[in-house]
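> what follows is a predicted structure for the sequence shown.
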Amino acid sequence: MYDFIIIGAGSAGCVLANRLSADPKARVLLLEAGDKDASPLIHMPAGVGQLLSKDRYNWYFDTEGQPQMNNRRLFWPRGKVLGGSSSINGMVYIRGHARDYDLWRQMGCEGWSFADVLPYFRRSETREGGGDAFHGDSGPLQVSKHRSTNPMVDAFVRAGVQAGHPFTPDFNGAEQEGVGPYELTIKDGKRCSAAVAYLKPVLGRPNLEVQVRAHSTRVIFEGKRAVGVEYVQGKERKVARANREVILSGGAVNTPQLLLLSGIGDGDYLRKWGIPVVADLKGVGQNLQDHLDVMVQYEITQPLSAYSLARQPMATLVFAQYLLTGKGHGTMQALEAGGFLKTRPELEMPDVQLHFIRGLMIDHARGKADRHGVSCHVCQLRPESRGYVALKSADPLAHPLIQPNYLASEADRRVMRDGFRLGREIFQQAAFDPYRGREFAPGDAVQSDAEIDAYIRRAGETIYHPVGTAKMGHDAMSVVDPTLRVHGLEGLRVVDASVMPSLVGGNTNAPTIMIAEKASDMILGRAALSPGEATQAA
């Protein structure tokens, strides 16, 4: 018997395991379908490409065919390991725009305005250089400046300014719009995942139990109350009981799948699968949102890209140096600058984000570049298109059905097209003259609206930010209330990116950690941090 059972040791689950087990009287079980984060590739920042391209620590999902993208099935990597996607992501620390959270409040999510959530961002963070009104200085998550001395990083930022965009030294500060350097969840040359930041320091607590390779198959109910979890570990079926709460932290794909398998969802849909209905909540799995991304890529005329380090024998030498000394090129990833831009000047906030990469990225690093080059990812921040997660099978070990429904909205197609042009324009500025070769993708022949649209349909991909499938709110399609309790049930909460009612304008890892920090106070019955309250030490 446990007090709390947390399903999923990803970004949210690791935070909850830390905060809930801080009470020595609370017995906490953390279940993770994946394995321990033992591989040095996880902790070496330069190893991110290997993690994305292999299925060892990755759910390796695929979507259904996309009707507006030549019916392509898109690859969706998600972390399957302690730390979840924070153990395989690009380590970019972004919170989104302050207005995103004020919009949540306007949608009926009391307590989730930017003033409400900022103290939890600050509580989670230790920022290199110290804290301020926007940043923390004593939290578990280590946030650092990039260490690259590669001249193309500075050239990209200068080119963005030459293209007419403001320079922004801190995308998480007073103003998001502009181009500038990214802050990264890296500390002393090592990835600072949620597992490293929150879970590893507390593994010695006698009241915290962590089980890996433990795939949860359903939540167990007595009437309308969640009382436990059934899971499979190896070939053995096991049951754990919770006398306070079961908490789902599986993310925007796995959480709705487990809710459906547990009898929580549209009643008519569940009956078609022969699943007894526990709660008829039609919003489970709906409202799926993601950042669609397209790249503009250029060859470069100097050997300054990551291609130099990816070829043998240099790749082996970089890895060996990192293992032996913890230093060298292995301590850096190749994504250190970017931007938040408006496709129309009258917009209230940026609607596209750029990620500059010192290399050619081919099929999520599953393909190998054969030359020096650079890439600029362009993603739309607030798509109108909505998709869903559903069941492909009643087998809980099978992958779910993922239908993002990208580019269903004409407005989304326009923003992607205009954003692509902004990214291409930056590369044409004088600051990039010393490095720019021919356009590798899509190529100079692609110029008209129709040609750009066709390129986006054939080359667009996820940039790994799915949210919204168990959304917070009070409307008929909401799944949890603003305290993240599942509507109509007792003892069950959802704490992960699936509760976001709308997609934030930026990378989603830091917001997910914030959600879990705030949820931990709700679960423990603590008063919410006030807007001006100081950070709380780890």
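Cool, got the structure.
> okay, CA-based contacts and neighbour counts for the rest of this
Will do.
> the closest residue to L292 other than its chain neighbours: what's it in contact with?
Closest residue in space to L292, ignoring its immediate chain neighbours: T462 at 4.8 Å, by Cα to Cα, 6 or more residues apart in numbering. Residues near T462 by Cα atoms under 8 Å, 6 or more residues apart in numbering: 74-76, 290-293.
> now the residues you listed as CSV including pLDDT and secondary structure?
Converted to CSV, these look like this (pLDDT from 0 to 100; DSSP: H, G, I helix; E, B strand; the rest coil):
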residue, pLDDT, secondary structure
L74, 98, strand
F75, 98, strand
W76, 98, strand
D290, 98, coil
H291, 98, coil
L292, 98, strand
D293, 98, strand
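> hang on, the earlier thing: for the residue nearest to L292, give me the pLDDT.
Here the pLDDT value assigned to T462 is 98.
> also D116?
pLDDT, D116: 97.
> that one - how many residues pack around it?
The local packing of D116 (other Cα atoms under 10 Å) involves 20 other residues.
> surely it is in contact with K518?
No: using Cα atoms under 8 Å, D116 makes no contact with K518, being 9.2 Å away.
> give me the sheet partners of the helix or strand hosting G437 and which way each runs.
Here G437 is covered by strand 436-441, with elements defined by DSSP states H and E. When pairing is defined by DSSP bridges, strand 436-441 lines up against strand 292-300 (antiparallel).
> contacts for the partner strand next, please.
Outside strand 292-300, the residues touching it (Cα under 8 Å, 6+ apart) are 360, 371-380, 406, 416, 420, 423-424, 435-442, 456, 459-463.
> again, only this time at 7 Å
With Cα atoms under 7 Å, 6 or more residues apart in numbering as the test, strand 292-300 has contacts from 360, 372-380, 423-424, 435-442, 456, 459-463.
> with stretch 394-405 instead?
63-64, 66, 217, 257, 261, 273, 288-289, 385-392.
> and these, which of them are buried?
63-64, 66, 217, 257, 261, 288-289, 385-391 (16 or more other Cα atoms under 10 Å).
> tell me the phi and psi of the residue nearest to L292?
The phi and psi torsions at T462 (degrees, to the nearest 10) take the values phi -70, psi 150.
> who's in contact with N287?
386-388, 468-469.
> how far does stretch 12-27 sit from the chain's center?
Computed by Cα atoms, centre = their mean, to the nearest Å, the chain-centroid distance of stretch 12-27 equals 22 Å.
> output that stretch as CSV, restricted to C-alpha atoms.
Provided in CSV are the C-alpha atoms of stretch 12-27 (Å, rounded to 0.1, in the frame of the first residue of the first chain):
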residue,chain,number,x,y,z
ALA,A,12,6.4,15.8,-14.4
GLY,A,13,6.8,12.4,-12.6
CYS,A,14,10.3,13.1,-11.4
VAL,A,15,9.2,16.5,-9.9
LEU,A,16,6.3,14.9,-8.1
ALA,A,17,8.4,12.0,-6.8
ASN,A,18,10.8,14.5,-5.3
ARG,A,19,8.2,16.9,-3.8
LEU,A,20,5.7,14.3,-2.5
SER,A,21,8.3,12.1,-0.9
ALA,A,22,9.8,15.1,0.9
ASP,A,23,7.1,14.3,3.5
PRO,A,24,8.6,11.3,5.3
LYS,A,25,5.2,10.0,6.3
ALA,A,26,4.1,9.8,2.6
ARG,A,27,5.0,6.5,0.9
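> tell me the buried residues in stretch 118-129?
In stretch 118-129, residues buried by neighbour count (16+ other Cα under 10 Å) are 118-128.
> which two of the buried ones among the contacts of stretch 394-405 have the greatest separation?
T217 and S385 (30.1 Å; Cα to Cα).
> what comes into contact with the worst-scoring helix or strand of the chain on mean pLDDT?
When the helices and strands of the chain are scored by mean pLDDT, DSSP states H and E, helix 307-310 comes last with a mean of 84. With Cα under 7 Å, 6+ apart as the test, helix 307-310 has contacts from 315, 359, 371-372.
> most neighbours among those residues, which one?
Neighbour-wise, the contacts of helix 307-310 (other Cα under 10 Å) top out at G359, 25 neighbours.
> quick check, that residue in contact with S305.
Yes: using Cα atoms under 7 Å, G359 is in contact with S305, at 5.1 Å.
> so what sits against both of these two?
Residues within reach of G359 and of S305 at once, by Cα under 7 Å, 6+ apart, are 372-374.
> format the residues you listed as CSV; extra columns: pLDDT, distance to E245 and secondary structure.
Converted to CSV, the shared contacts of G359 and S305 look like this (pLDDT from 0 to 100; distance: Cα to Cα, whole Å; DSSP: H, G, I helix; E, B strand; the rest coil):
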residue, pLDDT, distance to E245, secondary structure
H372, 96, 52, coil
G373, 97, 50, strand
V374, 98, 48, strand
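> nearest to P181 among these?
V374 (16.1 Å).
> so what's the closest one up against?
V374 sits next to 297-300, 305, 357-360 when contact means Cα under 7 Å, 6+ apart.
> please apply the same query to W59.
With Cα under 7 Å, 6+ apart, W59 has these contacts: 77-80.
> repeat that with 6 Å
78, 80 (Cα atoms under 6 Å, 6 or more residues apart in numbering).
> A226 now?
220, 491-492.
> may I see the buried residues of the strand holding G437?
436-437, 439-441.
> how close does D62 sit to G505?
D62 sits 24 Å away from G505 when distances are taken as Cα to Cα, to the nearest Å.
> on that earlier part again, neighbouring contacts of the very next helix or strand once past the least confident helix or strand of the chain?
Counting by DSSP H and E, the next helix or strand C-terminal to helix 307-310 is helix 314-325. Helix 314-325 has contacts (Cα under 6 Å, 6+ apart) with 309, 330.
> now helix 314-325: average pLDDT?
91.
> repeat for stretch 247-260
98.
> so which bits of that stretch are buried?
247-260.
> where is the longest helix in the chain?
Using DSSP state H, we find that the single longest helix of the chain is helix 410-427.
> so, low pLDDT: which residues of the protein?
For the chain, the stretches with pLDDT under 70 are 532-538.
> re earlier: for D62 and G505, indicate the residue with more neighbours.
Neighbours around D62 and G505, counted as other Cα under 10 Å, are more numerous at G505. The numbers are 27 against 17.
> which residues in the stretch 201-350 of the chain form strands?
208-211, 214-222, 225-233, 236-248, 264-265, 279-280, 292-300, 335-341 (DSSP state E, counting those that start in this stretch).
> how about the ones you listed in TSV, adding distance to G96?
Compiled in TSV, the strands of the stretch 201-350 of the chain are given as follows (distance: least, Cα to Cα, whole Å):
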stretch	distance to G96
strand 208-211	31
strand 214-222	31
strand 225-233	33
strand 236-248	24
strand 264-265	29
strand 279-280	32
strand 292-300	16
strand 335-341	10
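> quick one: which of those is nearest G164?
Across these, closest to G164 is strand 335-341 (Cα to Cα), at 10.4 Å.
> ok, that closest one: who's next to it in the sheet?
By DSSP bridges, strand 335-341 pairs with strand 178-181 (antiparallel), strand 352-357 (antiparallel).
> the strands of the stretch 201-350 of the chain: which one's closest to D132?
Between D132 and the strands of the stretch 201-350 of the chain, the shortest separation by Cα to Cα is 22.0 Å, and it involves strand 335-341.
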